[in-house]
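Novice: Structure for this input, please:
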Amino acid sequence: MKFLMFIKHAETVGQPQPPKALMDAMGEFVGRMFASGVLKDTGGLKPTAQAYRIRSSGGKLQMLDGPFAETKEVIGGYALVETKSKEEADAVAREFMDLHRVHWPEFECESEVRQVEDI
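Specialist: Reported below is the predicted structural model:
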């Protein structure tokens, strides 16, 4: 089973960098997950000021440059995992979120976990 996990949080200008302790813990976690074969891909995303959207409406395409003022919460990063069960995916997501809780408790975020369709 494949799951795509997003980390979502408020996007604020001048947000402080994550603490070194979190980055160190994340490095160990990501390395362990890649080595186990569970983690397939991961990455952080640039701010919406460097993004754009392409919208299809009324039979036409429209391109909109970021930042997106109406956006209150952004996807800050993602991970693609492959697990044997939903419960195993849940354990990976909880461990990831717990690293943030322990090493950067003032940072408010959530992880959205969605199973990838098997086609």
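Novice: Let me know the pLDDT of residue 11.
Specialist: Here the pLDDT value assigned to residue 11 is 84.
Novice: That one against residue 74, yeah?
Specialist: Yes: counting by C-beta atoms under 8 Å, residue 11 touches residue 74, with 4.3 Å between them. Placement of C-beta: from N, CA and C, glycine included.
Novice: Please identify every residue contacting each of those two.
Specialist: 47-48 (C-beta atoms under 8 Å, 6 or more residues apart in numbering).
Novice: for the protein, which spans come out with low pLDDT?
Specialist: 13-15 (pLDDT under 70).
Novice: Please enumerate the strands of the protein.
Specialist: According to DSSP state E, the chain carries its strands in the segments 2-9, 39-44, 52-57, 60-65, 74-82, 109-115.
Novice: what residues are up against residue 19?
Specialist: So residue 19 contacts 103-104 (C-beta under 8 Å, 6+ apart).
Novice: how far away is it from residue 103?
Specialist: Using C-beta to C-beta, to the nearest Å, residue 19 is found at 6 Å from residue 103.
Novice: I'd like the strands of the chain as JSON lines, with mean neighbour count and distance to residue 25 appended.
Specialist: JSON lines is the format used below for the strands of the chain (neighbours: other C-beta atoms under 10 Å; distance: least, C-beta to C-beta, whole Å):
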{"stretch": "strand 2-9", "mean neighbour count": "17", "distance to residue 25": "14"}
{"stretch": "strand 39-44", "mean neighbour count": "13", "distance to residue 25": "14"}
{"stretch": "strand 52-57", "mean neighbour count": "9", "distance to residue 25": "33"}
{"stretch": "strand 60-65", "mean neighbour count": "9", "distance to residue 25": "35"}
{"stretch": "strand 74-82", "mean neighbour count": "18", "distance to residue 25": "15"}
{"stretch": "strand 109-115", "mean neighbour count": "14", "distance to residue 25": "15"}
